[in-house]
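> here is my input; please provide its structure:
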Amino acid sequence: MHKTYYCFPQGKHKVLTMSYDDGKLEDKRLVQIFNESGIKGTFHINGGLFENPERIDKEVVSSLYIGHEIACHTLTHPTIARCPKEQIVKQVLDDREILEEIVGAPVRGLSYPNGSYNQAIKTVLPLLGIAYSRTVNSTYGFNLPTNLMEWDPTCHHNENLMEIGKRFAALNKKQYLYLMYVWGHSYEFERDHNWDVIEDFCKYIGGREDIWYATNIEIVDYLQAVSQLVYTASGNGVYNPSALDVWISVDDNVKKIPGGTFVKLY
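Next comes the predicted model:
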């Protein structure tokens, strides 16, 4: 029997994503660091706090974060597990509306403010158009998410980032898929006087041929597209009903399956 695996784009088996909260002014420097290394980030913003002078100006959001993802962080950053359900709904939907007006596209991601969430919140988020939500619970591992409404990151950037990055870079068993997910707040680098932590990490981990550099939502959409592949009963062909191109490996030969096409595999 032929051995068929799904892969990340271009047949890669590792993906790196970064996730930063609050939309503070220090995001400007962080975005520049990411761009210089070809790394992509997701930036979670409170749409109701733009008037705060410590935060990125609303007028520059669409240009600053080009190539990255804008995502929700609730309207005003409450500890939402303590809020009435009606307020939770408004906190998410109002944030989405403001951010979507800025970027001109659906905003589908969230990170929990203050790391606060519960089962009821996880249940309601998909009904509000949210495709995933990130926690603050580090795993220190590289597994793919099993619950997108409780997406645990690998680590905060102050948790031995370079050591974990070196472990990630050394992974070479292509029968597995690996995800490294780093989170934090850009203002912490200024507060802690440790911009070198993220600068050194990005220089080290960026530009590698075996790593896919993606935003949170790109990973979510890609995994969904892969899950929708329809194989023939014999496994010798596959149809991709989604709009996204996906990649699979058949007996260690990488094959691209363009969106909306049927591909004969052998």
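
> ok, which stretches of the stretch 101-250 of the chain are helices?
Secondary structure of the stretch 101-250 of the chain (DSSP state H, counting those that start in this stretch): helices at 119-124, 161-170, 187-192, 195-205, 216-227.

> so of those, which one's packed in deepest?
helix 216-227 (a mean of 19; mean count of other Cβ atoms under 10 Å). In this view, the C-beta of every residue, glycine as well, is placed from N, C-alpha and C.

> show the average pLDDT along the helix or strand hosting residue 61.
Counting by DSSP states H and E, the element that carries residue 61 is helix 61-64. Helix 61-64 shows an average pLDDT of 96 in the prediction.

> hang on, the earlier thing: same list (the helices of the stretch 101-250 of the chain) but as a markdown table, adding distance to residue 234 and mean pLDDT.
Below are those laid out as a markdown table (distance: least, Cβ to Cβ, whole Å; pLDDT from 0 to 100):
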| stretch | distance to residue 234 | mean pLDDT |
| --- | --- | --- |
| helix 119-124 | 39 | 97 |
| helix 161-170 | 37 | 98 |
| helix 187-192 | 54 | 98 |
| helix 195-205 | 40 | 98 |
| helix 216-227 | 20 | 98 |
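
> now those in TSV, with distance to residue 249?
Putting the helices of the stretch 101-250 of the chain into TSV (distance: least, Cβ to Cβ, whole Å) gives the following:
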stretch	distance to residue 249
helix 119-124	33
helix 161-170	20
helix 187-192	38
helix 195-205	23
helix 216-227	12
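
> of all these, which one is nearest residue 21?
Proximity to residue 21 (Cβ to Cβ) singles out helix 187-192 among those, at 9.6 Å.

> other residues contacting stretch 148-167?
With Cβ atoms under 8 Å, 6 or more residues apart in numbering as the test, stretch 148-167 has contacts from 19, 117, 122, 125-126, 130-142, 145, 168, 179-184, 188-189, 192, 194, 197-198, 200-201, 204-205, 216, 220.

> end-to-end on that stretch?
End-to-end span of stretch 148-167 (Cα to Cα, to the nearest Å): 24 Å.

> give me the distance from that stretch to the chain's centre.
Offset of stretch 148-167 from its chain centre (Cα atoms, centre = their mean, to the nearest Å): 13 Å.

> so which elements touch the helix holding residue 61?
The elements that helix 61-64 packs onto, with contact taken as 3 or more Cβ pairs under 8 Å, 6 or more residues apart in numbering; DSSP states H and E, are helix 27-37, helix 85-103.

> for residue 13, which of these is the nearest?
Closest approach to residue 13 among the helices and strands packed on helix 61-64 is made by helix 27-37 (19.9 Å; Cβ to Cβ).

> so which elements touch the helix or strand that the closest one is followed by?
Following helix 27-37 in sequence order, the next helix or strand is strand 41-45 (DSSP H and E). Judged by 3+ Cβ pairs under 8 Å, 6+ apart, strand 41-45 is in contact with strand 14-21, helix 27-37, strand 69-72, strand 109-111.

> contacts for the second one next, please.
It refers to helix 27-37. By Cβ under 8 Å, 6+ apart, helix 27-37 touches 18, 20, 39-41, 43, 56, 64-65, 67-68, 186, 189, 195, 198-199, 202-203, 205-207.

> repeat that for 10 Å
With contact meaning Cβ atoms under 10 Å, 6 or more residues apart in numbering, helix 27-37 is reached by 18, 20-21, 24, 39-41, 43, 45, 55-56, 60-61, 64-68, 184-187, 189-190, 195, 198-199, 201-208, 213.

> can I get it as CSV, trimmed to CA atoms?
What follows is helix 27-37 as a C-alpha-only set of coordinates in CSV (Å, rounded to 0.1, in the frame of the first residue of the first chain):
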residue,chain,number,x,y,z
ASP,A,27,4.4,46.6,17.7
LYS,A,28,6.1,48.9,15.1
ARG,A,29,9.5,47.6,16.0
LEU,A,30,8.4,44.1,16.4
VAL,A,31,6.8,44.1,12.9
GLN,A,32,10.0,45.3,11.4
ILE,A,33,12.0,42.5,13.1
PHE,A,34,9.5,39.9,11.8
ASN,A,35,9.7,41.4,8.3
GLU,A,36,13.5,41.3,8.2
SER,A,37,13.4,37.6,8.9
